[in-house]
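Novice: predicted model and sequence follow; I will ask about them next.
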Amino acid sequence: MKRSTRSCTRSRTGTRTRSLALTAAVLSGALVLAACGSDDKDKSSAKASTSAPAPAAASAPASASASAPASAGAFNDADVMFAQMMIPHHEQAVEMAKEAPAKGADPEVKKLAATIEAAQAPEIKLMKGWLTTWGKPTSAPGGMNHGGGMMSEADMTMFKASTGADFDRRFLTMMIEHHNGAIAMAETELAQGVDPAARKLAEQIKSSQATEVQQMRQLLTTKGGGAAPSSPSMPGMNH
């Protein structure tokens, strides 16, 4: 009996030992797998963190182009008056230029008229944009929107009724006076205005229209149109 008991005891002990060893092996394997899983997860997280694109930075505001409206904080009364008076002045020049294709006779006069229209029509839109940005009306109060060299209604009626060589002469004579008025207005802006865009346009008007005045004087001389006005007449400035 004692031998049998010892045999059973050894059997139970061996079984328990094998069971503990198996359990330890299983636990060890589980720990290894868990550790591997944790490492893989950490590596995956690190990889995702490293490879994930950084949030896009807020884009800087686009810089204003040269043709953008003037700044709302950089203008004075002279800038406002320049735009308010030059708009109707340009509008009348464009109105006169549009008559040339049908009523003019001289190709050079027609070409000049087309040049004037192409230059001044976009400038009208530009100046209206400034006034909108500045929160100002597009016309001057109290009838002050008649700049120097503007033609009267009677002048425009006679001008539109003319044709051929008579039209060419009237166009050149009237446009010289008109341009001289614009040059005087541009010089006032350059002397008193502060807005960079308005001053730049004033400089362009002064330069381009002075060149066109010389061209028109030459055309009047060669076409026998007589003497051209030598200085700006500014009836509108007195209104």
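Specialist: All right, it came through fine.

Novice: identify the residues contacting the residue nearest to Gly164 when sequence neighbours are not counted.
Specialist: Of all residues beyond its chain neighbours, the one nearest Gly164 is Ala105 (4.5 Å), with distances taken as Cβ to Cβ, 6 or more residues apart in numbering. (Each C-beta comes from the backbone N, C-alpha and C, glycine too.) Taking Cβ atoms under 8 Å, 6 or more residues apart in numbering as the definition of contact, the neighbours of Ala105 are 163-165, 167-168.

Novice: Gln204 sits in which helix or strand?
Specialist: Taking DSSP states H and E as the definition, one finds Gln204 inside helix 196-222.

Novice: buried sites along that helix?
Specialist: 197-199, 201-202, 205-206, 208-209, 212-213, 216-217, 219-220 (16 or more other Cβ atoms under 10 Å).

Novice: also stretch 103-117?
Specialist: By 16+ other Cβ under 10 Å, the buried positions in stretch 103-117 come out as 103-104, 106, 108-110, 112-113, 116-117.

Novice: can I get that stretch as PDB, trimmed to CA atoms?
Specialist: Backbone C-alpha positions of stretch 103-117 (Å, rounded to 0.1, in the frame of the first residue of the first chain) are rendered in PDB as follows:
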ATOM      1  CA  LYS A 103     -19.100 110.600 -89.000                       C
ATOM      2  CA  GLY A 104     -15.400 111.200 -89.300                       C
ATOM      3  CA  ALA A 105     -13.500 111.400 -92.600                       C
ATOM      4  CA  ASP A 106      -9.900 111.200 -91.700                       C
ATOM      5  CA  PRO A 107      -8.500 107.700 -90.900                       C
ATOM      6  CA  GLU A 108      -6.000 109.300 -88.400                       C
ATOM      7  CA  VAL A 109      -8.800 111.000 -86.600                       C
ATOM      8  CA  LYS A 110     -10.800 107.800 -86.400                       C
ATOM      9  CA  LYS A 111      -7.700 105.900 -85.100                       C
ATOM     10  CA  LEU A 112      -7.100 108.500 -82.400                       C
ATOM     11  CA  ALA A 113     -10.800 108.400 -81.400                       C
ATOM     12  CA  ALA A 114     -10.500 104.600 -81.000                       C
ATOM     13  CA  THR A 115      -7.400 105.000 -78.900                       C
ATOM     14  CA  ILE A 116      -9.100 107.500 -76.600                       C
ATOM     15  CA  GLU A 117     -12.100 105.200 -76.100                       C
END
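
Novice: just give me the neighbour total for the nearest residue to Ala78 once chain neighbours are set aside.
Specialist: In this structure, Ala78 finds its nearest non-sequential neighbour in Gln192, 3.7 Å apart by Cβ to Cβ, 6+ apart. Gln192 is flanked by 14 other residues according to other Cβ atoms under 10 Å.

Novice: and Gln192, what pLDDT?
Specialist: The pLDDT attached to Gln192 in the predicted structure is 98.

Novice: that one contacts Met185, doesn't it?
Specialist: No. Under the criterion of Cβ atoms under 8 Å, Gln192 makes no contact with Met185, lying 10.9 Å away.

Novice: thinking again about what came up before, so for the helix holding Gln204, mean pLDDT?
Specialist: Along helix 196-222, the predicted local confidence has a mean pLDDT of 97.

Novice: check the gap between Arg217 and Asp77 for me.
Specialist: Note on Arg217: its distance to Asp77, by Cβ to Cβ, to the nearest Å, is 34 Å.

Novice: can you confirm Val194 is in a helix?
Specialist: No. Inclusion of Val194 in a helix is not indicated when DSSP: H, G, I helix; E, B strand; the rest coil is applied; the result is coil.
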